[in-house]
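Chemist: Just a sequence and a predicted model for now, questions to come.
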Amino acid sequence: GAVVSQHPSRVICKSGTSVKIECRSLDFQATTMFWYRQFPKQSLMLMATSNEGSKATYEQGVEKDKFLINHASLTLSTLTVTSAHPEDSSFYICSARDGGGGGINSPLHFGNGTRLTVT
Amino acid sequence: GNSVTQMEGPVTLSEEAFLTINCTYTATGYPSLFWYVQYPGEGLQLLLKATKADDKGSNKGFEATYRKETTSFHLEKGSVQVSDSAVYFCALSEGAGTALIFGKGTTLSVSS
């Protein structure tokens, strides 16, 4: 079945550095990818919607200059956390919608998530 | 705005017990409703879905009915197994290409 590969699964970085998280659709073209953030015991909060070849659409309260999203191809979207701080420590999950048609019925596939710890 | 509210966990059951995880939603239109499951160490997987009122989604013994009158989509299973231990997320989507809005997730722990 369709798979979304998210890498890395875990990353520890020092405060002030930047971290890039990759999200790849392995056997389908993903015209739209979504980035979520999950705090402990809380829901997955949508951060941004990434469309191939265009600028990402960020949710209210999400700093676009801090969370840089690039969706340069139909199979890859990246999230870069710039100048990371301890409060950015969280679980980040990407999801990709199979662009093969079907609208709302197009399956949405999720990566396994990335646990970011900023020290 | 749109939102999803799930019962808080954790839910702890013995094997073969009956499971209900409540989910209610708030939406401006006519959303599609979903249940996702996250097994330990794995990503989210679609468990079942319903796209219109009175639809019943079912999979792996789980089922949920889209109740427009009560804006609910409660998840049920008649006899849980240890392997059902996971986090369950209720979610909605309002249209093609839109993101899912998730509830907070409910952790289910089933013991033998």
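Modeler: Received it, and whenever you're ready, just let me know what you need. Worth saying up front: this structure is predicted, and the values here are computed from it rather than measured.
Chemist: Just give me the neighbour total for A:Tyr92.
Modeler: A:Tyr92 has 24 neighbours, counted by other CB atoms under 10 Å in any protein chain shown. Every C-beta, even on glycine, is put in place using the N, C-alpha and C of the backbone.
Chemist: Kindly confirm my reading that it is in a strand.
Modeler: Yes. Under DSSP: H, G, I helix; E, B strand; the rest coil, A:Tyr92 falls within a strand.
Chemist: can you pull the contacts of it?
Modeler: A:21, A:35-38, A:47, A:79, A:113-114, A:116 (CB atoms under 8 Å, 6 or more residues apart in numbering or on different chains).
Chemist: can you check A:Val81 too?
Modeler: A:18-19, A:21, A:66-67, A:88, A:116.
Chemist: Kindly indicate which of those lies nearest B:Thr98.
Modeler: A:Phe67 (19.6 Å; CB to CB).
Chemist: Report the strands that pair with the helix or strand of chain A with the lowest mean pLDDT, each with its relative direction.
Modeler: Across the helices and strands of chain A, mean confidence by mean pLDDT, DSSP states H and E is lowest for strand A:108-110: a mean of 85. Strand A:108-110 has its sheet partners listed here by DSSP bridges as strand A:90-98 (antiparallel).
Chemist: Run through the residues of chain B sitting next to chain A.
Modeler: B:4, B:32, B:36, B:41-46, B:51, B:89, B:93, B:95-97, B:99-105 (CB under 8 Å from any CB of the partner chain).
Chemist: Could I have the buried ones of those residues as PyMOL selection syntax?
Modeler: Of the residues of chain B next to chain A, the buried ones go into a single PyMOL selection, burial set by 16 or more other CB atoms under 10 Å in any protein chain shown:
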select buried, chain B and resi 4+32+36+43+44+46+89+93+99+100+101+102+103+104+105
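Chemist: circling back: among the contacts of A:Val81, name the ones in strands.
Modeler: A:19, A:21, A:67, A:116 (DSSP state E).
Chemist: contacts with chain B among these, please.
Modeler: Okay, of these, nothing touches chain B (CB under 8 Å from any CB).
Chemist: Could I get the full set of strands for chain A?
Modeler: Under DSSP E, chain A gives strands at A:4-7, A:10-13, A:19-25, A:30-38, A:44-51, A:57-58, A:67-73, A:76-81, A:90-98, A:108-110, A:114-118.
Chemist: Comparing those by mean pLDDT, which bottoms out?
Modeler: For the strands of chain A, mean pLDDT drops lowest on strand A:108-110, to a mean of 85.
Chemist: can you tell me which residues contact the spatially closest residue to A:Val3 that is not a sequence neighbour?
Modeler: Counting by CB to CB, 6 or more residues apart in numbering or on different chains, A:Leu26 is the residue found nearest to A:Val3 once chain neighbours are left out, at 4.5 Å. Counting by CB under 8 Å, 6+ apart, A:Leu26 makes contact with A:2-5, A:75.
Chemist: Please work out how many residues are found near B:Cys90.
Modeler: 31.
Chemist: same thing with A:Leu44?
Modeler: A:Leu44, neighbours per other CB under 10 Å, totals 28.
Chemist: Same question for A:Thr80.
Modeler: Residues near A:Thr80, counting by other CB under 10 Å: 15.
Chemist: And for A:Val4?
Modeler: Counted with other CB under 10 Å, A:Val4 comes out at 26.
Chemist: Thanks a lot, see you next time.
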